[in-house]
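> I'll drop the sequence and a predicted model, then ask my questions.
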Amino acid sequence: DVKTPPYVKSGERFVNHLVSHCELLSAKDISQTMWAIGRLQIIDDSIISPLAYKAAELSQREEFNSQELANIIWALSKTGFKEEEIVSVLTTEICKPYVSDHATSQEAANVLYALGRMHIRDE
C-alpha cells in the first residue's frame, strides 16, 4: 500500500486555490502551474481541465511563448489529459511562426514526447 506524500496533498490544495482564481492567471502562471501539476502527476480533471481550457483561450490571443506552450503540452501528457481538441489548439499554436521561430530543440523534443505519450498522431 503506497501512501501519498504530504507535499502532494499540500500541492493539490494550493492548485485548487489557483483553479478557483483561474480567470486571473497569466500565460506564465498557467504554464508554471501546469508544469508543477505534471511534475507531481496530479491526475484530477477538476483541476486540469479549467487550466487546460484557460491555456487554450490564452493561446488564441497569442500570449504564450514556446517554452510555456511546450511545458503545458508536456504537463497534459503527464496527467493523462484526454481532450484532443484542447491539445490540438495548443499544438496548432506552437507551430505558428511567432512561436516556432523561437522554439529550442528541447522544447520541440518535449512536445513530440508529449504527443507520443498521448498517442496523438498527425494523419
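Nice, I can see it.

> any low-confidence regions in this structure?
Scanning the chain for pLDDT under 70 picks out 1, 123.

> Need the residue closest to the centroid of it.
Against the mean C-alpha coordinate of the chain, by Cα atoms, centre = their mean, the closest residue is I72 at 2.3 Å.

> which residues touch it?
By Cβ atoms under 8 Å, 6 or more residues apart in numbering, the residues touching I72 are 30-31, 34-35, 52, 55, 64, 90. For glycine as for every other residue, the C-beta is placed from the backbone atoms N, C-alpha and C.

> which ones among these are found in strands?
Using DSSP state E, the subset of these located in strands is empty.

> out of those residues, who has the most neighbours?
Counting neighbours by other Cβ atoms under 10 Å, the top entry in the contacts of I72 is A55, with 30 neighbours.

> That residue contacts Q32, correct?
No - counting by Cβ atoms under 8 Å, A55 does not reach Q32; the two are 11.6 Å apart.

> Please name the residues that touch the residue nearest to K78 when sequence neighbours are not counted.
Nearest non-adjacent residue to K78, counting by Cβ to Cβ, 6 or more residues apart in numbering: G38, 3.7 Å away. By Cβ under 8 Å, 6+ apart, G38 lies in contact with 71, 74-79.
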